[in-house]
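In: here is a sequence with its predicted model. Questions after.
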Protein chains: 2
Amino acid sequence: MDEKNLINYLGKLAKNNPSALQLNDDIFFDKKKQIAISVDTYNEGIHFSKSPKLSLLIKKIIRSSISDLICKGVKPKYYFISFTSPKKSLNRSNILKIINSLREEQKKYKIKISGGDSTNGNFLSFTIISLGYSSKIIKRNHVKFNDDIYISGNIGDSYLGLKFIKKKIKKFSLYEKNFFLKKYYLPDIPIKICELLKKFANSSVDISDGLIEDLRNMINKQKYKYKINIDLIPVSKEFRSIIKKNNFKIQKNLFNGDDYQVIFTALKKDRKKIKKYAKKLNQKITIIGQIIKNNSGNILLKDGRPLKMTNFKGYRHIF
Amino acid sequence: MDEKNLINYLGKLAKNNPSALQLNDDIFFDKKKQIAISVDTYNEGIHFSKSPKLSLLIKKIIRSSISDLICKGVKPKYYFISFTSPKKSLNRSNILKIINSLREEQKKYKIKISGGDSTNGNFLSFTIISLGYSSKIIKRNHVKFNDDIYISGNIGDSYLGLKFIKKKIKKFSLYEKNFFLKKYYLPDIPIKICELLKKFANSSVDISDGLIEDLRNMINKQKYKYKINIDLIPVSKEFRSIIKKNNFKIQKNLFNGDDYQVIFTALKKDRKKIKKYAKKLNQKITIIGQIIKNNSGNILLKDGRPLKMTNFKGYRHIF
């Protein structure tokens, strides 16, 4: 299917429904009712491999799905899950794995299962619906000129995890391997950031497709550009160590997505307050650049020279 | 997948969430927020054939999905649709068919598209989420002793439509063939009945699996039984004509589901008021029996003898 084409048409169909936000924000928001809803589908062979580790897969798709609410400043409260699976593929042991993973995620993120569907099919597919109650949401397309660009947590760890799975990393310690596999399967989503976003953010998205792709998604139809300094992008010390040991180019390992951290922009004058608030929440955030008007070098290297990115397309999740 | 097994476990997981209604009602209802949500997935090879008529399929799954809200007394307001499809299977012409069908359903039922997802997969699958706002819902498991059992509209037409598709009907007029194909692809869902249900119904479900199966679903964990008279079950004059011409047994063509009419129960003392209210709404309803305590003959023939039903299992939708 031509996804973008279909979504364009659906967007036109939604033009008499202000709560659909022109399908531009991956979220439905009814301001009067104060409810926000996001819907995500994950398919075998596209978003995950044909014989996935079910207990990890379930956790990852739950996190990926509630991340859509979190990055808009909405704390997820309920979720629905619709299962499609071949009749024989889910035996009792697999069902228990799924239930156990759901139970753990419910506890970790204080969310409650609220319904869904269970159907047979000749394939494995999951649709997750997340529901949260909030008086406002932070949208895309609302960056302001001169805004600082922030990101939460670290990025790149999940991609190195994928490289471990694909056996593309030669030099590492056992600790490092386990560290990155865990980051890959169980991304740390910044659930505490909701309140901070609601107080300070002008615009925000989560990093699922990759930092650059999602920065573009955030600015989207606005006429602004971004300027970020690659050296300011926060990474783990484990990330630095693997990059160094294996002689990897850092820029090839930073922008591949699946991070589920949040990019947001906020007024420069709020810097101090934001820093203080994040400290109170014990939530790591980092300024990596600013919203600008002109079109010169989007990503700057350490010495200020622009980084040449050729045809950067973001990431296709497979696990 | 063992659907029932999985849903049992999910039900246990949902026990700390009163709004999930133990996953017993195919619906989520937050009484405080006054919102109701239902989720349904439709898969290629299970719910529809491998080369479906997209324009009709889309309409049928929208109707089937909002029927879950309607039968609870909730008027659907918004819907979300998540598409999974092979990359090449949906060209521009198919996308336009989908959009056009959605537009027509939006107008007919006054519902608005509110979001969803569009993903690639090696198969065709749709998940529809319906959302409505209501101060109350009519649940299953709330029949009362001596309640009248009502159904809306006529049943059986959709099943004869399926028989036409499968070329299992020999004697018919062209008018009749077209009539039943339309009933099959485009079931008349009784959207006007919401207000009546909210005012009078003790318990209700929609007829998707078949009248008998869904009557059981409605009474479910309660200790009551039902008594219905097969001769009172409302059918179209076209249904009667085909049954007669082809020497079909009526009981083999009535209980096969896909009807999307509503079964509900209400107090005997309200009969007159209900009749009057239905007339005002211009909504056909028929009393077909009562809720009883003992276990004798559930379905009665014209002469009062019980109908023997062997192993009746309801219907698997394929179109």
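Out: Here it is on my side, so go on. Numbering: from 1, shown residues only, chains lettered A, B, ... in the order given.

In: go ahead and confirm residue A:44 touches residue A:121.
Out: No - if you go by C-beta atoms under 8 Å, residue A:44 and residue A:121 don't touch, sitting 9.7 Å apart. From N, CA and C alone the C-beta is placed, and that goes for glycine too.

In: contacts only, for residue A:183.
Out: A:157-158, A:160-161 (C-beta atoms under 8 Å, 6 or more residues apart in numbering or on different chains).

In: actually residue A:121, not the one I typed
Out: The contact partners of residue A:121, by C-beta under 8 Å, 6+ apart, come to A:84-86, B:43-46, B:123, B:125.

In: list the residues that contact the residue nearest the centre of chain A.
Out: Nearest to the geometric centre of chain A sits residue A:260, at 2.8 Å (C-alpha atoms, centre = their mean). Residue A:260 sits next to A:63-64, A:67, A:158, A:187-189, A:206-208 when contact means C-beta under 8 Å, 6+ apart.

In: confirm it sits in a strand?
Out: No - Residue A:260: not assigned to a strand; according to DSSP: H, G, I helix; E, B strand; the rest coil it is coil.

In: now stretch A:19-26 - C-alpha only, PDB.
Out: Output in PDB follows, covering the C-alpha atoms of stretch A:19-26 (Å, rounded to 0.1, in the frame of the first residue of the first chain):
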ATOM      1  CA  SER A  19     -10.200  16.200  17.100                       C
ATOM      2  CA  ALA A  20      -8.400  14.100  14.400                       C
ATOM      3  CA  LEU A  21      -5.800  16.900  14.000                       C
ATOM      4  CA  GLN A  22      -5.800  16.200  10.300                       C
ATOM      5  CA  LEU A  23      -4.200  12.800  11.200                       C
ATOM      6  CA  ASN A  24      -1.000  14.800  11.500                       C
ATOM      7  CA  ASP A  25      -0.100  13.900  15.100                       C
ATOM      8  CA  ASP A  26      -0.600  10.200  15.300                       C
END
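
In: I'd like the distance from that stretch to the chain centre, please.
Out: Distance of stretch A:19-26 from its chain centroid, counting by C-alpha atoms, centre = their mean, to the nearest Å, is 17 Å.

In: what comes into contact with that stretch?
Out: Identification of contacts with stretch A:19-26 by C-beta under 8 Å, 6+ apart yields A:7, A:10-11, A:14-15, A:27-31, A:38, A:68, A:72, A:137, A:139-141, A:220-221, B:78, B:112-116.

In: quick check: buried residues in it?
Out: A:19-21, A:23-26 (16 or more other C-beta atoms under 10 Å in any protein chain shown).

In: what's the answer for stretch A:244-252, then?
Out: Quick answer for stretch A:244-252 (16+ other C-beta under 10 Å): A:248, A:250-251.

In: identify the residues contacting the closest residue to chain B within the stretch 151-300 of chain A.
Out: Nearest residue of the stretch 151-300 of chain A to chain B, counting by C-beta to the nearest C-beta: residue A:208, 12.2 Å away. Residue A:208 is in contact with A:64, A:67, A:214, A:257-260, A:317, counting by C-beta under 8 Å, 6+ apart.

In: how does it look with 6 Å?
Out: Each residue near residue A:208 by C-beta atoms under 6 Å, 6 or more residues apart in numbering or on different chains is listed here: residue A:257.
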